[in-house]
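> Predicted model and sequence below, questions to follow.
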Amino acid sequence: MSGPRTLPGVLQTPGFAHYSLAWSPFHTTRIALASSANFGLVGNGRLHLVSVAPGPGGLPALSLDKQYETQDGLYDVAWSEIHENQLVTGSGDGSIRLWDVMLNDLPIRAWQEHTREVFSVDWSNIKKDTFASSSWDGMVKLWTPEHPRSLSTLHAHLSCVYQALFSPHQPDILATCSTDGTVKIFDLRAPAYAQGPGTNNFTHPISAAALTVPASTTEVLTLDWNKYRPFVLASAGVDKMVKVWDCRMIKIAETGNVGGVCETQLLGHEYAVRKVQWSPHRADVLATASYDMTCRVWNTSPAAGRAQLMYIHDPHTEFVVGCSWSIYEEGVLASCGWDSKLNVFHV
């Protein structure tokens, strides 16, 4: 199989469709890329480590530093918030692996508790020794690298949990989204989570959400917390709409705590939206990636007479499933897709 090919601002990895990417919180120019053979339907996976450097014409130059092979496809990746050389991946065989980039070939730890595909992993940037995984088995699990089993289990949804993310503002708040069309917020301090005598978190998983937002009549594929506004998050999915929710504004229904107020709807994508991510530098800027082969940037509160849609990035030739803002350099965005291309560009 041919090796990676590069153009200014582009890295191509033939034979492996990309599913997710993440910028390192420690190194300004390092990206991790999770990918799968055969579009993730069958076959092995690969974790790529990529460096970004200044290139000709102001476009970044991307280079592949290292890669790791896995027996099943990789669907997500998250950098450790406590160790600059470590990162965690979620796989199609239900496994979670911890890698150290200073070592070759094999992960330093592996866990196998989920019974179906692990579709997201997220490392808490407040409780820095903890990360979360979500799976098609409906479960969300909390982990720490030093422990051989999960710390706790949330029976978050009855069906696939596409994403689970810690709040960047409060360490015990976690949001999830699912095929059931809801976004749920869990408060890990709630009494429902207390472990009593004779119980454990494997036979009695947590299932009580603090808030359930009926976000869509179809599958919700992605969500993200706003970095500047606590309890504001964006969601998107199969209905092609990006919605911004203020979850402090709760509507109490007869069935319990359901609600959240939709502040904004962003319309423009032609197919399902696979990824949303708020800018780490501006409270009103949001990036999205879609099956319509574009990555778009939006202003959620534009000035009078200005459009919400700020930018369309469309050189991809297949589904765009991942996008991520550079943490350190404002306006730099990376996107990845099923065309096996990683793009890094200025908005």
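Received it, and whenever you're ready, just let me know what you need. Nothing here was measured: the structure is a model prediction, and the numbers come from that model.

> And Leu64, how far from Ser35?
To Ser35, Leu64 is 12 Å away according to Cβ to Cβ, to the nearest Å. (C-beta placed from N, C-alpha, C; glycine too.)

> for Asp187, that is, sorry about that
Taking Cβ to Cβ, one finds Asp187 at 35 Å from Ser35.

> follow-up on the earlier one: between Leu64 and Ser35, which one's more packed in?
Set side by side, Leu64 and Ser35 show more neighbours around Ser35, with 30 against 18, by other Cβ atoms under 10 Å.

> Contacts only, for the more buried one.
Counting by Cβ atoms under 8 Å, 6 or more residues apart in numbering, Ser35 makes contact with 13, 16-19, 45-48, 73-74, 340.

> so where do the helices sit in this protein?
Assigned by DSSP state H, the helices in the chain number zero.

> got a pLDDT number for His281?
Note for His281: predicted pLDDT of 97.

> So what's the residue count around the closest residue to it other than its chain neighbours?
Once flanking residues are discounted, His281 sits nearest to Glu330: 4.3 Å by Cβ to Cβ, 6 or more residues apart in numbering. Counted with other Cβ under 10 Å, the neighbours of Glu330 add up to 14.

> and the gap between Glu330 and His346?
Glu330 is 10 Å from His346, by Cβ to Cβ.

> With Thr317 instead?
When distance is defined by Cβ to Cβ, Thr317 is 21 Å away from His346.

> Low-confidence regions, the stretch 201-347 of the chain specifically.
201-207, 249-258 (pLDDT under 70).

> what bridges to Leu11?
Thr6, Leu342 (DSSP bridges).

> Test my guess that it contacts Lys341.
Yes. Counting by Cβ atoms under 8 Å, Leu11 touches Lys341, with 7.1 Å between them.

> Of the two, which one has the most company?
The residue with more neighbours, out of Leu11 and Lys341, is Leu11; 27 against 22, by other Cβ under 10 Å.

> who's in contact with Ala22?
31-32, 77-79, 87, 324.

> and stretch 54-67, average pLDDT?
Rounded mean pLDDT across stretch 54-67 is 88.

> Going by neighbour count, which residues of that stretch are buried?
Judged by neighbour count using 16 or more other Cβ atoms under 10 Å, the buried positions of stretch 54-67 are 59-62, 64, 67.

> Return the alpha-carbon coordinates of that stretch using CSV.
Extracted in CSV, the C-alpha atoms of stretch 54-67 (Å, rounded to 0.1, in the frame of the first residue of the first chain):
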residue,chain,number,x,y,z
PRO,A,54,4.7,26.6,8.4
GLY,A,55,4.7,25.9,4.6
PRO,A,56,4.8,27.7,1.3
GLY,A,57,2.3,30.4,0.5
GLY,A,58,1.1,30.6,4.1
LEU,A,59,-0.4,27.1,4.0
PRO,A,60,0.7,24.7,6.7
ALA,A,61,2.9,21.7,5.8
LEU,A,62,1.7,18.4,7.3
SER,A,63,4.0,15.4,8.0
LEU,A,64,3.2,12.0,9.4
ASP,A,65,5.4,11.3,12.4
LYS,A,66,4.2,7.9,13.5
GLN,A,67,1.4,5.4,13.1
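
> rewinding a little: so among the contacts of Ala22, which ones count as buried?
Looks like those have 31-32, 77-79, 87, 324 buried, using 16+ other Cβ under 10 Å.

> taking the residues you listed one by one, which sit in strands?
Using DSSP state E, 31-32, 77-79, 87, 324 are the members of the buried ones among the contacts of Ala22 that sit in strands.

> can you list residues touching both of Leu64 and Ser35?
13, 48.

> Neighbours of Ser301, how many?
12.

> tell me the contacts of it?
264, 284.

> Kindly recompute the last result at 6 Å.
Asp284 (Cβ atoms under 6 Å, 6 or more residues apart in numbering).

> How much space separates it from Thr264?
Counting by Cβ to Cβ, the gap from Ser301 to Thr264 is 8 Å.

> now do Pro148
Going from Pro148 to Thr264 by Cβ to Cβ gives 44 Å.

> Just want to know which of those two has more residues nearby.
Remark: of Pro148 and Thr264, Thr264 carries more neighbours, 17 against 6, as counted by other Cβ under 10 Å.

> Find me whatever residue is spatially closest to that one, sequence neighbours aside.
Val244 is the one closest to Thr264 (Cβ to Cβ, 6+ apart), at 4.2 Å.
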